[in-house]
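Asker: Structure for this input, please:
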Amino acid sequence: MRFAAVINQDASTMKGISRDRIAGCLRDGFAARDHSISTSFVAGREIKAALQAARDDEKTDAVIAGGGDGTISMAAGLMQGTGKALAVLPGGNMNLFARSLGIPLDLPAAVAALAAGRPMAADIAFANDRPFIHEFSLGLHPEVVELRDREAFGARLGKVVATMRSLWRVLLRPPRVRVWLDDGDGERAVAAAALAISNNPFGEGHLPYADRVDGGVLGVYIVHTLNPAELAAIAARMSTGGWMDTRDVEAFTATTLRLTRDGPIKAAIDGELARMPGSVTVRIAPGALTVIAPREEDAVRGQ
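Answerer: Just a heads-up that it's a prediction; the model follows:
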């Protein structure tokens with residue numbers, strides 16, 4: 001296969017690795033599997049145009065996107081429906097979609113797994129016409145993202161510190177989300193600290209990401225409590241997956257949801273702040289995204 005790698009040089013983890021090392025690792029790893037590859041490094045503000053160019057190149061069979069969840073989400077939105085495969089090279093703080101695919105987070109291991117991988121059909125979700133691969137959320141998460149983005153941070157550690165500081169401030173004065181929710185069984189009013197909708201349900205025992213990418217359903221999570229101590233306890237259990245096992249979290253699945261309210265909706269979509277209209281339809285498109293998935297013997301689960 002002929003691969004085109006587009007690396008976001010501003011992604012947090014990528015900043016700490018030399019271009020020569022990344023390019024050499026990709027070149028050697030894919031050549032070992034009889035693939036050809038071209039690699040380009042671009043600034044974050046130029047990543048969309050570079051991904052589009054790689055997608056539209058008739059000589060390219062698959063596109064490798066290197067970066068964090070925001071970069072991967074953008075790439076997935078551009079690649080979905082084309083039949084051309086997307087390979088995910090993790091380079092951010094969380095790398096949640098890469099974890100769902102079982103891609104190792106270490107650069108050499110990730111390259112080896114992708115080079116030996118095979119195309120598979122994965123699901124992608126939409127909030128109105130905006131695609132997402134991980135999560136659409138209201139309440140706590142967008143408030144944290146908005147505060148974090150006001151701070152100046154450089155490398156990966158700086159972003160983590162800024163996120164934790166912002167989370168603490170939001171937990172002390174949690175927002176109240178008020179929307180009407182219709183999951184097909186009737187409309188109901190929701191007043192909660194957070195509402196999250198995921199592309200496939202989150203798994204248990206690890207960070208909040210899906211254990212599979214082809215389940216064909218959305219995961220829906222409503223955090224009802226507004227008590228700062230209870231919210232802090234839920235946040236503390238995020239890394240182990242235990243946050244769902246409380247009476248304060250309502251969880252269910254759906255294929256389509258409609259959210260409405262008076263006025264615009266502030267949301268976080270795959271970790272990026274988004275302003276949405278007062279009516280948002282969230283749906284899942286089963287199998288609409290072709291991805292390169294590692295062989296089971298190369299996959300890392302529950303990381």
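
Asker: Mark out where each domain of the chain begins and ends.
Answerer: Taking automatic domain parsing as the reference, the chain has its domains at 2-116, 131-286.

Asker: For the protein, which residues score under the pLDDT cut-off?
Answerer: Within the chain, the stretches with pLDDT under 70 are 152-159.

Asker: May I ask you to name the longest helix in it?
Answerer: Looking across the chain with DSSP state H, the single longest helix is helix 156-172.

Asker: on contacts alone, who are the packing partners of that one?
Answerer: Where contact means 3 or more C-beta pairs under 8 Å, 6 or more residues apart in numbering; DSSP states H and E, helix 156-172 is packed against helix 140-149, helix 228-236. All C-beta spots, glycine's among them, are computed from the backbone N, C-alpha and C.

Asker: quick one, helices of the chain?
Answerer: With DSSP H as the criterion, the chain has helices spanning 19-31, 47-56, 69-79, 96-101, 107-115, 140-149, 156-172, 228-236.

Asker: wait, which of the ones you listed is closest to residue 199?
Answerer: Across those, residue 199 has its closest neighbour in helix 96-101 (8.4 Å, C-beta to C-beta).

Asker: hmm, who's touching that closest one?
Answerer: In this structure, residues lying in contact with helix 96-101 by C-beta atoms under 8 Å, 6 or more residues apart in numbering are 69, 72-73, 76, 88-90, 105, 110, 122, 133-135, 200, 206-213, 291, 293-294, 299, 303.

Asker: Report the buried members of these.
Answerer: Buried members of these, scored by 16 or more other C-beta atoms under 10 Å, are 69, 72-73, 76, 88-90, 105, 110, 122, 133-135, 200, 206-211, 213, 291, 293-294.

Asker: Show the contacting residues for the residue positioned nearest the centre of the chain.
Answerer: Closest to where the C-alpha atoms of the chain average out (C-alpha atoms, centre = their mean) is residue 134, at 3.8 Å. For residue 134, the contacting residues are 69, 73, 96, 97, 100, 198, 199, 209, 270, 271, by C-beta under 8 Å, 6+ apart.

Asker: quick one: which of those residues is most hemmed in?
Answerer: residue 199 (31 neighbours; other C-beta atoms under 10 Å).

Asker: Give me the nearest residue to it, chain neighbours excluded.
Answerer: residue 125 (4.1 Å; C-beta to C-beta, 6 or more residues apart in numbering).

Asker: swap in residue 187?
Answerer: Using C-beta to C-beta, 6+ apart, the nearest residue to residue 187 is residue 180, at 5.3 Å.

Asker: Kindly report the same for residue 290.
Answerer: Nearest non-adjacent residue to residue 290 (C-beta to C-beta, 6+ apart): residue 85, at 4.6 Å.

Asker: now residue 223
Answerer: residue 194 (4.1 Å).

Asker: Show me what the one you found bridges to in the sheet.
Answerer: residue 139, residue 223 (DSSP bridges).
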